[in-house]
Structures are given as C-alpha cells and as structure tokens.
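Peer 1: predicted model, plus sequence, below.
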Amino acid sequence: MLLSEIYEMPEEYLEEIEKIRNMKAPLILFGAGDTREFNLNYFRDLGIAPVAFCDNSIEKIGRMVGDIRILSFDEVKEKYPNAYFYITSQLYFCEIRNQLLSGGYKEGQISEYDIIFQLSWEKNCMEYYRQHEQEIELLYEEFADETSRKVLRNRLAFLRTRRRSYMLEIRGKEQYFDEELINLSEIGCFVDLGLYTGDTVLKFLELSRGSYHHIYGFEPDAGLYKAAEDNLKTYHGIILVPKAVSDCDGEIAVEKSLGVMQTTEAGVYSSKEKSQKTFSVCKLDTYFRAASERIGMIKMDIEGAELSALHGAKRRIVEDKPCLAICVYHKAEDIIEIPAFCKGLVSSYQIYLRHYSDNQTETVCYLIPKVK
C-alpha cells in the first residue's frame, strides 16, 4: 500500500535539524524574501542562530532582518568561507545551489532539506493522510497516468522526509499550462482566479499565441489589481474583476500573512502577525449567469479558498465542462477533496497531478474532460 511504504521512511529532517543545531559552522540563510522574518524566527525557535542572510538583490543588501544583516554573495564568501547554507527560496533552490557550488562551496555545505513548516497543516499532514488512507489509495488508482501517481508518491515522500530531491525529480514546466494535457488553442475563454499581477495571463497569452476570445481575471487586492491592469492594458479581450471568488456573494474578511499571500479561508496560514482586509466576493455562477460564451479553462490559486470557489461555480462547471487547473497544496485535505468534488460534478473528468517547485508548494490538479 502506498502510505505504508511512505511511513516506513525515516523523518530525515529531524536529523538535519540536530545537525545544524550542533554544528560549529556558521549558518547562512540564502534568500531574504517576503518571509525572511518568519524564517529567521523559525530557526531561532528551534534553538538555531543564523549569522546572516545572503541575497542577490542589490536593493536588499545591507538591510537588517531583526539583528542580522543581509549580505551579498561576495561578502559571504569573504567572511564565511566555511559556512553552512540553508536555502529559503521556494522556487530557486537549484539556481542558488548551483551558484554556491560555482562560488567554491561544496555540496556538504548546502542543506538538501526543507525544514521550515510555513503552512499550518504541514506538521500534521501525514497523520491526516493516515486517517484518510482509503481516499488516498482511491485517488492514486483514479489518476489518468503514471506521471500523476509518481507525483503523489514523491510528494508524500517529501512530506515525510523533507528531502528536496523528491520534489526536484518531479518538478515540471509551464505551471497551469501543461501542453501534454491542455490544447490552449481550443480554450477560447480563460478564467484566472488569483490574478496576482497578471503573470499567469501573460504566460497564457504567450503559449496560446493569441488564440483566445476573452480572458477574465479576478483579483481582490487593490495593489495587485493595479499592477495587473498596468501589465495587461495593451491586450484586447481581457476583463479584470476586482473581486475574490467563493461560494457566496457580498463582502468577506480576508486574512493576510506570510508576505503577499491572502485567503478568504480563515486559519490557512500560521503567522504571529496577521491583519484583515474586507474584500468584495462573488460566485462565478453569479458573475457568469448571463454569459453566453462557454468557459474553456479555469485556473485557481487562491490560497486555500479553491474548494469554496468550486462550490460557487458548480453550474458553469457542469454546463461548460472547462479544463480545470487547481492548486491543491494549501490544505492537507485539498488533494483529496478537490478532485473528488470536481469528478462528482463531471464524471467524464480525467484527473492528473503535476508539481512545479522544490518543496510542497505549487502542486496542481488538472481536471480534463475526456474527449469522446
């Protein structure tokens, strides 16, 4: 059985924590992004004292994070030739690792583990899966291809061991737009939930080569909405909507934590400092109730509110049978509940799983209508 094999693996990250806690080499955190304070405090809570951050951004070099400084790579090489590096980046682990190796550091000076639990469910996720072993096994068997099964196996192995190599082995390209699964020239109408700055829409425009009728982007944050508006203003047929999506219409309080990540689902993220905003929210079924155009594809990356948004889009999903690309890494239960819910709406959906980062983030479930 799949989970039985996973539980036989040792929790290697615990050994890595002890190694770092007891080593004499200075610890450098490489990557001073939006979660830098969170990362520093996380290590300190473990009884580990990093001596500095390292970052390639000129704007960040010289700044303080608490009482330690952000240094350039050249400064680190000069001051800490015997350092041990923990790479905090969720998307650029390989690039930073190669930079360190090219800069003269050895493999033994770079942590291969992700020991920072940024999402509130991570520490308890394997116990959750143990309690839902039958659902995991059914999902595993229902996947439409062997690649999806490997993605799930490696994802579970990573969550057990926290060894990044499991995720690097399955890391794909073109998140949301896997050309083996989706023919973008046939989408017509693309709906982007979690528009952010318009980056996914820009990628869709590039990969579809302009073959679309309309693009709808939903983004409740005013700053991100303005950035998307600026980035997409020269393109035709793009409608931007300053709303969040959920299973209701009206106003909703949104928690903000861990940098720019926001969610209409309370308690998805754990953070010592949280603030709230009130956003307009709508159901997709309400917004598109009078639309005559078929929705060809929906992408969702909305920080744990994906299942709520699906409940609010049931009618359009049943009627239009769009291709779905839905993030399933924000909550432990999403990887089980989201494909089951979508399959319950459209029985012809084929289920695929793909992954696009070096840790637990950016796992996407694709629901593709079977061609008759």
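Peer 2: Noted; the coordinates are in hand.
Peer 1: for the one helix or strand residue 191 maps to, packing partners?
Peer 2: According to DSSP states H and E, residue 191 maps onto strand 188-193. The contact analysis (3 or more CB pairs under 8 Å, 6 or more residues apart in numbering; DSSP states H and E) places strand 188-193 against helix 199-208, strand 212-218, strand 297-300. Every C-beta, even on glycine, is put in place using the N, C-alpha and C of the backbone.
Peer 1: between these, which gets nearest to residue 287?
Peer 2: Among these, strand 212-218 comes nearest to residue 287, with 8.1 Å by CB to CB.
Peer 1: by contact count, what packs against that closest one?
Peer 2: Looks like strand 212-218 contacts strand 188-193, helix 199-208, strand 238-241 (3+ CB pairs under 8 Å, 6+ apart).
Peer 1: tell me the mean pLDDT for the strand holding residue 191?
Peer 2: What strand 188-193 shows for mean pLDDT is 97.
Peer 1: contacts for that strand next, please.
Peer 2: Applying CB atoms under 8 Å, 6 or more residues apart in numbering, the contact partners of strand 188-193 are 200-201, 204, 208, 212-218, 245, 284, 293-302, 309, 322.
Peer 1: those, buried ones only, as a PyMOL selection?
Peer 2: Of those, the buried ones can be selected in PyMOL as follows, counting by 16 or more other CB atoms under 10 Å:
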select buried, resi 200+201+204+208+212+214+215+216+217+218+245+284+295+296+297+298+299+300+301+302+309+322
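Peer 1: show me where the stretch 251-372 of the chain has its strands.
Peer 2: 262-263, 275-282, 297-300, 323-327, 349-355, 363-369 (DSSP state E, counting those that start in this stretch).
Peer 1: residue 107 is nearest to which of those?
Peer 2: strand 349-355 (23.6 Å).
Peer 1: list of residues touching the closest one?
Peer 2: Outside strand 349-355, the residues touching it (CB under 8 Å, 6+ apart) are 139, 142-145, 147-148, 151-152, 154-155, 167, 170-172, 175, 178, 181, 321, 324, 328, 335, 339, 342-343, 362-370.
Peer 1: same question for stretch 229-242.
Peer 2: For stretch 229-242, the external contacting residues (CB under 8 Å, 6+ apart) are 195, 197-199, 201-202, 205, 212-220, 222, 225, 228, 280, 282, 287.
Peer 1: next, the buried residues of it.
Peer 2: 229, 231-232, 238, 240-242.
Peer 1: if we can go back for a sec, I'd like the strands of the stretch 251-372 of the chain as TSV, with mean pLDDT and distance to residue 110 appended.
Peer 2: As requested, those are arranged in TSV below (pLDDT from 0 to 100; distance: least, CB to CB, whole Å):
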stretch	mean pLDDT	distance to residue 110
strand 262-263	50	32
strand 275-282	80	35
strand 297-300	98	34
strand 323-327	98	28
strand 349-355	98	22
strand 363-369	97	24
